[in-house]
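Chemist: Below is the structure, and that's it, no one-letter string:
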């Protein structure tokens, strides 16, 4: 988790001079930007959400322990998703063409993969 936060913060710091003052932070299904934030907030948003999400996952696994390895895989995959989201936000705001279908497909693939892995480990691989 710490690596994801540091890498996403470093990416934001490196890109900072080239980023607009008002950044796109969400793009609708049509591919049209529909939510903006000041640069400082946009650069810190994903790392902040990663920290909060890691805390929620850690608490959830303490309340309902999973089979060996599941917590590590789910947390690592989720932090990887946050890293990708930060890179996509930065890329979009730096003027790169970010295909909306690929973003949605990647998020769906992550969801199906993480859920499938956790369910398999919980109910099949006992």
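Modeler: Received it, and whenever you're ready, just let me know what you need. In this text the structure is predicted, and so the values were computed from the model without any measurement.
Chemist: Excluding sequence neighbours, find me the nearest residue to residue 110.
Modeler: The shortest distance from residue 110 to any non-neighbouring residue, by C-beta to C-beta, 6 or more residues apart in numbering, is to residue 81 (5.0 Å). For every residue, glycine as well, the C-beta is placed using N, CA and C.
Chemist: so when I look at that neighbour, I'm seeing a helix, right?
Modeler: Yes: according to DSSP: H, G, I helix; E, B strand; the rest coil, residue 81 belongs to a helix.
Chemist: To what extent is it buried, counted in neighbours?
Modeler: Using other C-beta atoms under 10 Å, residue 81 is surrounded by 20 other residues.
Chemist: confidence score at it?
Modeler: pLDDT, residue 81: 92.
Chemist: Pretty sure residue 107 is one of the things it touches, is it not?
Modeler: Yes: judged on C-beta atoms under 8 Å, residue 81 makes contact with residue 107 at a distance of 7.2 Å.
Chemist: check contacts around the residue nearest the centre of the chain.
Modeler: Of all residues in the chain, the one closest to the mean position by C-alpha atoms, centre = their mean is residue 82, 1.7 Å from it. Applying C-beta atoms under 8 Å, 6 or more residues apart in numbering, we find residue 82 in contact with 4, 8, 46-47, 49-50, 53.
Chemist: same question, residue 89
Modeler: Residue 89 neighbours (C-beta under 8 Å, 6+ apart): 23-25, 42, 45-46.
Chemist: One more: residue 41?
Modeler: Applying C-beta under 8 Å, 6+ apart, the residues near residue 41 are residue 25.
Chemist: which residue ranges form the strands in this structure?
Modeler: For the chain, strands defined by DSSP state E occupy the ranges 22-27, 33-38.
Chemist: quick one, helices of this protein?
Modeler: Taking DSSP state H, the helices of the chain run over residues 2-15, 39-63, 70-93, 100-119.
Chemist: Highest mean neighbour count out of these?
Modeler: The highest mean neighbour count among the helices of the chain, using mean count of other C-beta atoms under 10 Å, belongs to helix 70-93: a mean of 18.
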